[in-house]
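Asks: Next comes the sequence, and after it the predicted model I'd like to discuss.
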Amino acid sequence: MKLLIVVLLTLSISAIGFSAEYRGSESIVINEGDSLGNDLISASRYVDVLGFIDGDQYSASQRINVEGEIAEDFFGAAQEINIKGKVNDMVFGAAEKITIDGEVGGDVVAFGSEVRITPRSHIHGNLFVGCGFLSLDGGRVDGWVRGRAGDLFLNGSVGDSVILEAGTVRFGNDYTASQGTHLTLKEQLDKSTRDLPPNLVLDIKKETAFYESGIFYWSIVAMFIVGLLISLIFKDFTYHLLNYAGKNILKNIGIGFLLLIASPVVIAILAILILTLPAALILLALYLIILYISSIFTGLFVGKYAFELTGKKEERLNLVLPLIVGLIIIVLLSHLPVVGWLIKLVIISFGMGSFILYLWGLKADNNSELGNGG
């Protein structure tokens with residue numbers, strides 16, 4: 001099991017780019033006029049790209065600014081992402097606030113509390129969003145716009161259609177969608193709503209609360225049973241992993257995010273090669289298992305932390321109650337309107353990063369002991 005996880009980690013990082021450059025300092029800056037001749041993989045607090053990256057950028061950070069140029073794709077998870085320069089291909093961002101204030105040659109996929117498309121922006125592909133507030137205030141999207149938002153402000157130019165679910169919507173004078181606008185709202189537009197665009201289709205959809213579904217309660221019980229079995233069978237391992245996870249939370253989230261998006265690439269490549277299809281299927285199963293366990297582990301970590309805040313810091317704290325409390329907390333948080341997507345991403349990334357990095361550290365310690373013994 002451990003060997004397979006180490007293989008997955010190694011292959012995932014390799015799949016991002018054999019010539020990729022990994023950086024993990026407090027602040028990373030590609031200065032104006034500088035050129036990085038390969039992919040950039042970073043897990044740090046601040047990332048500023050003012051120069052040129054001749055490849056992809058994969059970053060997990062508190063703040064990411066791209067004012068220079070990226071030759072291929074951008075994948076980022078942060079508190080704040082600003083794309084002010086040029087990304088020649090796809091942009092995938094998950095952040096509290098995402099601003100597209102430059103040129104994107106491909107599609108944009110954005111999840112966060114707030115997504116802003118400014119008058120200076122030009123997205124040559126499509127725009128897919130899951131956010132609390134979407135502001136298309138000027139700028140142009142050559143393709144379609146899809147997704148879901150809590151509140152909408154539409155005042156830009158869309159070359160294809162706009163199909164969105166939202167709570168509220170406002171239209172600006174400059175809003176156009178060549179193939180029409182189809183909105184699904186929770187209630188009818190106010191009669192005072194101004195600047196309604198032509199070819200506007202409205203659907204009214206009353207949402208069912210997540211807690212009214214039996215699946216919601218089943219998922220919590222199922223996660224608890226799995227988490228309880230893991231914590232009982234691998235008790236010492238679980239305690240050590242919990243202690244390790246709290247030492248570098250941001251790094252764990254960053255590495256987990258990079259693995260989350262890189263591992264499917266590895267699996268797809270192995271599946272295409274046919275001869276390695278069995279390996280691809282094994283890695284796919286392992287990847288799905290780790291995804292599921294990651295959420296459970298994060299719930300256990302959150303529950304244990306909540307109990308410690310009450311003063312219960314016994315070395316061998318019973319994990320049953322922390323597991324129950326933690327799972328309830330993360331499941332409820334992941335169902336919050338607007339930011340649920342982002343919270344779920346952080347939950348999975350933290351669990352995956354903590355798990356993989358802990359096993360990687362055990363492997364390094366074992367190798368060190370073997371070397372000293374030799």
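Replies: Cool, got the structure.

Asks: in the stretch 151-300 of the chain, which spans are helices?
Replies: 214-233, 235-245, 249-272, 277-309 (DSSP state H, counting those that start in this stretch).

Asks: care to break the chain down by domain?
Replies: 18-207, 211-373 (automatic domain parsing).

Asks: quick one: which of those domains has the weakest pLDDT on average?
Replies: Lowest mean pLDDT within those: domain 211-373, at a mean of 82.

Asks: what's the burial count for the closest residue in space to residue 334 that isn't next to it in sequence?
Replies: With sequence-adjacent residues excluded and distances taken as Cβ to Cβ, 6 or more residues apart in numbering, residue 334 is closest to residue 344, at 4.3 Å. Just so you know, the C-beta spots here come from the backbone N, C-alpha and C atoms, and that holds for glycine as well. Neighbour count of residue 344, defined by other Cβ atoms under 10 Å: 19.

Asks: For the residue lying closest to residue 159 once chain neighbours are set aside, the count of nearby residues, please.
Replies: Nearest in space to residue 159, with sequence neighbours left out and distances taken as Cβ to Cβ, 6+ apart, is residue 142 at 4.3 Å. Residue 142 is flanked by 16 other residues according to other Cβ under 10 Å.

Asks: Verify the stated contact: residue 32 with residue 48.
Replies: No - the criterion here is Cβ atoms under 8 Å, and residue 32 misses it with residue 48 at 9.9 Å.

Asks: circling back to that earlier point, relative to residue 328, how far out is the residue nearest to residue 334?
Replies: 15 Å (Cβ to Cβ, to the nearest Å).

Asks: cool, and residue 183?
Replies: Distance from residue 183 to residue 328, by Cβ to Cβ: 34 Å.

Asks: next one: residue 277
Replies: 40 Å.

Asks: In terms of neighbours, single out the busier of those two.
Replies: Higher neighbour count among residue 277 and residue 328: residue 328, with 16 against 12, using other Cβ under 10 Å.

Asks: In which helix or strand does the more buried one reside?
Replies: For residue 328, the enclosing helix or strand under DSSP states H and E is helix 320-334.

Asks: The residue nearest to residue 334: what secondary structure?
Replies: With DSSP: H, G, I helix; E, B strand; the rest coil as the basis, residue 344 sits in helix.

Asks: quick revisit: so which of the helices of the stretch 151-300 of the chain comes closest to residue 155?
Replies: helix 249-272 (31.6 Å; Cβ to Cβ).

Asks: For that closest one, buried residues please.
Replies: Neighbour-count burial for helix 249-272, with 16 or more other Cβ atoms under 10 Å as criterion, is recorded at 251-263, 266-267, 270-271.

Asks: returning to that earlier point: in a markdown table: the helices of the stretch 151-300 of the chain, plus distance to residue 120.
Replies: Output for the helices of the stretch 151-300 of the chain, formatted as a markdown table (distance: least, Cβ to Cβ, whole Å):
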| stretch | distance to residue 120 |
| --- | --- |
| helix 214-233 | 42 |
| helix 235-245 | 41 |
| helix 249-272 | 27 |
| helix 277-309 | 37 |
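
Asks: residue contacts, the residue nearest to residue 159?
Replies: Residues near residue 142 by Cβ atoms under 8 Å, 6 or more residues apart in numbering: 122, 123, 124, 125, 159, 160.

Asks: Dihedrals phi and psi, the fifth one?
Replies: By that I understand residue 159. Per-residue torsions, residue 159: phi -70, psi -20 (degrees, to the nearest 10).

Asks: for the last one, same thing?
Replies: For residue 160, the backbone dihedrals (degrees, to the nearest 10) come out as phi -120, psi -140.

Asks: residues near it, how many?
Replies: Residue 160 has 17 nearby residues by other Cβ under 10 Å.
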